[in-house]
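> dropping a prediction and its sequence here:
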Amino acid sequence: MAEPKGSSMGLVVGASAAASAFEWYDFYIFGTLAPVISAQFFAGLPPTAGYIAALALFGTGFAFRPLGALIFGRLGDQVGRKSAFLITVLMMGAATFAIGLLPTYKQLGVTASVLVVLARIVQGTALGGVYGGAAISVAEHAPAKSRGYLGAFVQTSAPIGLLVALLMVLFLRTLLGSAAFEEWGWRLCFLASAGLLAISVFMRLKMTESPLFAKLEGEEKGPAKSVYAETFGSWKNLKLVFLAFFSMMCAQGAVFYTAFFYVQVFLEKSLKLDPAITVGLLMAVVALSAPVFVVAGCLSDRIGRKPVMLAGMLISLVAYFPAFHAMQSVANPALAAAAKASPVVVSADPLDCATQFDPIGKGQFRSSCNIATGFLANAGVPYTRRDAPAGAVAHVAIGSTIVPSVDAIGLSAPDAKAVAAAFGARAKVALASAGYPDRADSAAVDRLALFGLMLIFGVSAALLYGPLSTAAIELFPTRIRYTALSVPYHVGVGWVGGFLPFTVFAIVASTGDMFAGLWYPFVFTAISFVATLLFLPETRGRSLDF
């Protein structure tokens, strides 16, 4: 396909990749700063509930992506790829910048929590139109024989955005010190997004419209007049939307977010690894896996999209449980040994135990079960639950030592905090006596082995994600391509991926089993593997002009 006059392929790829990098920068900045966001905007919640609320807020932005996909997908299919893409990038940049200026819970109370939720909603809605515009712009300009290779550069912007985010956090923490960073320096991470926004907008303004959309405008029939009716009202097109979601997007949300976000949550929250070690290893994984995205895209131009994506899914399916168990052994061997020698059991009335999640700060998690399980989850201590008689006060068995919990229901906030702290102090003594470490011993961490385990998931994500956008674009006709691609992508990324960290950690906090939450990504990856293997057609070499 000939390139449109005045728009080089390099400019198209560069502008699209810059916008996508901006998207992923936002994703990882918010995810990386979940503990800081929790402290700044959910200070009214207990520590575990506040952390889960921050993760859920992270997911809230993704929850609204499908809405944005519907709004801006329609705009992109009717008015043009360039206009829709530009509007969404500007909206997203404004919302990200605004988060850096918001007052905190300490300043405005629950109002601050509401404001940050609203900012994430605006951000998520805008993000629903960014990816489709970036991926389609490249694919509709690219020659068919190198479509997978060129499209992979948009996908590669994901690890680049993550790497920039990690470097930004590391740089500011080092420059300002942890105390200043957590007090006000975190704002600079969001304010700095203005630079990425400016670059993306500048490059995008220099681009011409997609040649396929320009051709569509010149035809008598013109662009779709009723995008939703053509996309969702026609079974021929609707089944393609379902196919894209179940065959590729479920796994995309599960595999990518496990590899580049939940691993960090697991290492820092469950295994109590020094964040500096986690970030350093993650940056190395991101840097080393980035070229694999391009290799995967190039490989898909030679052997097909399906085999490459299936390989990525299969690696994750095989690795989820054994690799995470191995991470515990190499990152915090003392914790693994203590859990084996002196297992922790919480005995409680089942009706006394509630899931500790309340994003607006109104929850009162003061039952004896919630105080016990909240403390253990926040301390990264695995436990099992045992039912006790109705009305019984919960207690924690640490090996042969019994630590009674406390019931703070009906107490004032200061008194409830005091009795919970007293229980935590007693439990800490018992845990230390049983060999449970307060933090992972940095000297005992097998960094090379841990890096290798993390890299397995990085490579898996790259193999799946590298050809994914091209494979999805090749499924849909030009008239509805923006909408039909964006909706399943953002349901997969937004609902499966965006809520993965929150859901997995909430499962861990509820069950006490730090590996139980892995069933969430495993099931979604398995669904996609079967759907891709049995139902997804091979699209390599297919013309996009249909």
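Looks like it arrived, so ask away. Model, not experiment: these values are computed from the prediction. Residues are numbered from 1 along each chain as shown.
> all contacts plus neighbour counts: C-alpha atoms, from now on.
Noted.
> state the distance from residue 24 to residue 185.
20 Å (C-alpha to C-alpha, to the nearest Å).
> so for the lengthiest helix in the chain, mean pLDDT?
Using DSSP state H to define each element, the chain has its longest helix at helix 110-141. Averaged across helix 110-141, pLDDT comes to 82.
> same question for stretch 270-278.
Mean predicted confidence for stretch 270-278 is 90.
> buried residues in that stretch?
270, 271, 272, 273, 274, 277, 278 (16 or more other C-alpha atoms under 10 Å).
> what about it, how long is it end to end?
OK, stretch 270-278 end separation, C-alpha to C-alpha: 12 Å.
> cool, stretch 250-268 as well?
Stretch 250-268 end-to-end distance (C-alpha to C-alpha) = 26 Å.
> for residue 209, which non-adjacent residue is closest in space?
Closest residue in space to residue 209, ignoring its immediate chain neighbours: residue 82 at 5.8 Å, by C-alpha to C-alpha, 6 or more residues apart in numbering.
> mind telling me what element that neighbour is part of?
Element membership for residue 82 (DSSP states H and E) is helix 81-99.
> helix or strand right after that helix?
Following helix 81-99 in sequence, per DSSP H and E, is helix 105-108.
> how about that following helix: buried residues?
residue 105.
> now the end-to-end length of stretch 426-440.
For stretch 426-440, the first-to-last residue distance is 21 Å (C-alpha to C-alpha).
> average pLDDT for it?
93.
> which other residues reach stretch 287-295?
Under the contact criterion C-alpha atoms under 8 Å, 6 or more residues apart in numbering, stretch 287-295 has outside partners 149-150, 152-153, 155-156, 159-160, 163, 455, 458-459, 462-463, 465-467.
> what helices or strands is the helix holding residue 82 leaning on?
Packing contacts for helix 81-99, counted by 3 or more C-alpha pairs under 8 Å, 6 or more residues apart in numbering; DSSP states H and E, involve helix 65-78, helix 110-141, helix 186-191, helix 193-205.
> so what's the gap between that helix and the chain middle?
20 Å (C-alpha atoms, centre = their mean, to the nearest Å).
> three-state assignment of residue 397?
Look at residue 397: counting by DSSP: H, G, I helix; E, B strand; the rest coil, its state is strand.
> residues touching it, list them.
Going by C-alpha under 8 Å, 6+ apart, the list of residues near residue 397 reads 344, 345, 346, 347, 403.
> and which of those is nearest to residue 371?
residue 346 (10.9 Å; C-alpha to C-alpha).
> show me what the closest one is bridged to.
residue 385, residue 396 (DSSP bridges).
> what's near enough to touch it?
Residue 346 touches 369, 372, 373, 383, 384, 385, 386, 394, 395, 396, 397, counting by C-alpha under 8 Å, 6+ apart.
> any idea how far it is from residue 331?
Taking C-alpha to C-alpha, one finds residue 346 at 25 Å from residue 331.
> before we move on, back to that, what comes up buried for the longest helix of the chain?
110, 112-141.
> state the next helix or strand along the chain beyond it.
helix 147-176.
> could you report the pLDDT at residue 13?
79.
> actually residue 537, not the one I wrote
For residue 537, pLDDT reads 95.
> my guess is residue 197 contacts residue 87, does it?
No: assessed by C-alpha atoms under 8 Å, residue 197 is found out of contact with residue 87, at 11.7 Å.
> so for those two, which residue has more residues nearby?
A count of neighbours by other C-alpha atoms under 10 Å puts residue 197 above the other of residue 197 and residue 87, at 22 against 16.
> what separation is there between that one and residue 32?
From residue 197 to residue 32 the distance is 20 Å (C-alpha to C-alpha).
> ok, now residue 15?
Counting by C-alpha to C-alpha - residue 15 and residue 32 are separated by 26 Å.
> so if I had to pick from these two, which one is more boxed in?
With neighbours defined as other C-alpha under 10 Å, residue 15 and residue 32 compare such that residue 15 has more, 25 against 20.
> looks like that one contacts residue 205 (just checking).
No: Residue 15 is beyond contact range of residue 205, at 9.0 Å (criterion: C-alpha under 8 Å).
> between the two ends of stretch 390-409, how far is it?
Stretch 390-409: ends 16 Å apart by C-alpha to C-alpha.
> same question, stretch 334-350
30 Å.
> list the buried ones in it?
Neighbour count says stretch 334-350 has 334-336, 338-339, 342-350 buried, by 16+ other C-alpha under 10 Å.
> would TSV of those with secondary structure and distance to residue 491 be doable?
Converted to TSV, the buried residues of stretch 334-350 look like this (DSSP: H, G, I helix; E, B strand; the rest coil; distance: C-alpha to C-alpha, whole Å):
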residue	secondary structure	distance to residue 491
334	helix	40
335	helix	37
336	helix	37
338	helix	41
339	helix	38
342	coil	42
343	coil	39
344	strand	38
345	strand	38
346	strand	37
347	strand	39
348	strand	38
349	coil	37
350	helix	34
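> show me which of those residues is closest to residue 473.
residue 336 (45.5 Å).
> how about low-confidence regions in the stretch 101-250 of the chain?
207, 220 (pLDDT under 70).
> I'd like the distance between the nearest residue to residue 24 once chain neighbours are set aside and residue 386.
Distances taken as C-alpha to C-alpha, 6+ apart put residue 161 closest to residue 24, at 4.9 Å, once the chain neighbours are dropped. Using C-alpha to C-alpha, residue 161 is found at 44 Å from residue 386.
> who has more neighbours out of these two?
Neighbours were counted for residue 161 and for residue 386 using other C-alpha under 10 Å; residue 161 has more, 26 against 12.
> looks like that one contacts residue 17 (just checking).
No: with contacts counted by C-alpha under 8 Å, residue 161 stays clear of residue 17, the gap being 9.6 Å.
> show me what the helix holding residue 82 is in contact with.
With C-alpha under 8 Å, 6+ apart as the criterion, helix 81-99 contacts 19, 26, 72-73, 75-76, 116, 119-120, 122-124, 126-130, 133-134, 136-137, 187, 190-194, 197, 200-201, 204, 207-210, 213, 482.
> so that helix versus helix 65-78, what angle?
150 degrees (axes from the mean of the first three to the mean of the last three C-alpha atoms, to 10 degrees).
> averaged pLDDT, helix 81-99. What do you get?
The model assigns helix 81-99 a mean pLDDT of 82.
> which residues does the closest residue to residue 100 other than its chain neighbours contact?
Distances taken as C-alpha to C-alpha, 6+ apart place residue 187 nearest to residue 100, at 4.3 Å, with adjacent residues excluded. Applying C-alpha under 8 Å, 6+ apart, we find residue 187 in contact with 99, 100, 101.
> for residue 187, give its distance to residue 106.
Where residue 106 is concerned, residue 187 sits at a distance of 15 Å (C-alpha to C-alpha).
> so how do I select the buried members of the contacts of residue 187 in PyMOL?
Buried residues among the contacts of residue 187 (16+ other C-alpha under 10 Å), as a PyMOL selection:
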select buried, resi 99+100
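> between the contacts of residue 187, which is closest to residue 487?
Closest to residue 487, out of all of the contacts of residue 187 and judged by C-alpha to C-alpha, is residue 99, at 25.8 Å.
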